[in-house]
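A.B. asks: here's a sequence, model it:
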Amino acid sequence: TVDAAVENVVLTTKNSAATLTDFTGASAGAATVAIKGGQGFKLDSTKSFATATTIDAREAGKAEFAATATGAITLLTGSTDDKITLKKALAGGDLINLGAGNDTLVLTAVTNAAATLIGVENVTLKAAGSAIDMRNADQKAALTFEGGGAITATGLASGSTVTSTKAVAAAVNVEFRDSV
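C.D. replies: Residues are numbered from 1 along each chain as shown. Alright, predicted model coming up:
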């Protein structure tokens with residue numbers, strides 16, 4: 001449990017990968033979380049960093065965690081195959097830089113605006129009727145829509161792919177941009 005007065009938290013993994021089963025008390029204050037140590041880090045999939053607006057895992061090994069903070073958020077990871085779940089709508093002020101590796105950004109909101117996306121090779125959209133604006137992504141990406149319904153992907157870089165894992169009840173709208 002993290003005291004509500006704590007604003008910055010540093011989690012260090014040493015010798016082997018670590019799984020954090022809970023991160024409570026942080027919802028009252030931890031704005032910045034840094035994950036260091038060079039080993040893998042995973043936050044239990046039923047938990048999330050609730051108020052952290054900056055999560056920096058560039059010095060960790062493979063990172064897997066969820067974030068739910070409202071407002072602009074900065075998520076940074078390093079050179080491994082990371083999986084980050086964002087449990088809020090992607091917004092224009094968000095910076096998601098997943099570094100090198102074959103990284104996946106999982107989005108749970110229906111509407112996702114044009115955030116700055118760097119090093120995001122895969123995007124999974126969970127909600128039915130999801131939409132995403134990829135115009136501020138630095139590269140092509142593989143988008144997977146898992147919720148069904150009408151789906152929209154705009155501003156895609158050349159070479160991007162769009163897949164739906166469920167029957168689409170309405171329209172499929174895909175728009176590519178001229179350049180990255």
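
A.B. asks: how close does Glu7 get to Ala60?
C.D. replies: 20 Å (CB to CB, to the nearest Å). For every residue, glycine as well, the C-beta is placed using N, CA and C.

A.B. asks: show me the contacts for the nearest residue to Ala137 once chain neighbours are set aside.
C.D. replies: Counting by CB to CB, 6 or more residues apart in numbering, the nearest residue to Ala137 once its immediate chain neighbours are dropped is Leu117, at 4.0 Å. Residues near Leu117 by CB atoms under 8 Å, 6 or more residues apart in numbering: Ile96, Leu105, Met134, Asn136, Ala137, Asp138, Ala141.

A.B. asks: cool, and Lys83?
C.D. replies: By CB under 8 Å, 6+ apart, the neighbours of Lys83 are Ala63, Glu64, Asp103, Thr104, Val106.

A.B. asks: next: Ile84.
C.D. replies: 63-67, 75, 77, 96, 98, 103-106 are the contacts of Ile84 under CB under 8 Å, 6+ apart.

A.B. asks: is it true that Leu11 touches Ala30?
C.D. replies: No. Judged on CB atoms under 8 Å, Leu11 makes no contact with Ala30 at a distance of 10.7 Å.

A.B. asks: more neighbours: which of those two?
C.D. replies: The neighbour comparison of Leu11 against Ala30 (other CB atoms under 10 Å) goes to Ala30, with 24 against 17.

A.B. asks: skipping adjacent residues, who's closest to that one in space?
C.D. replies: Val9 is the one closest to Ala30 (CB to CB, 6+ apart), at 5.0 Å.
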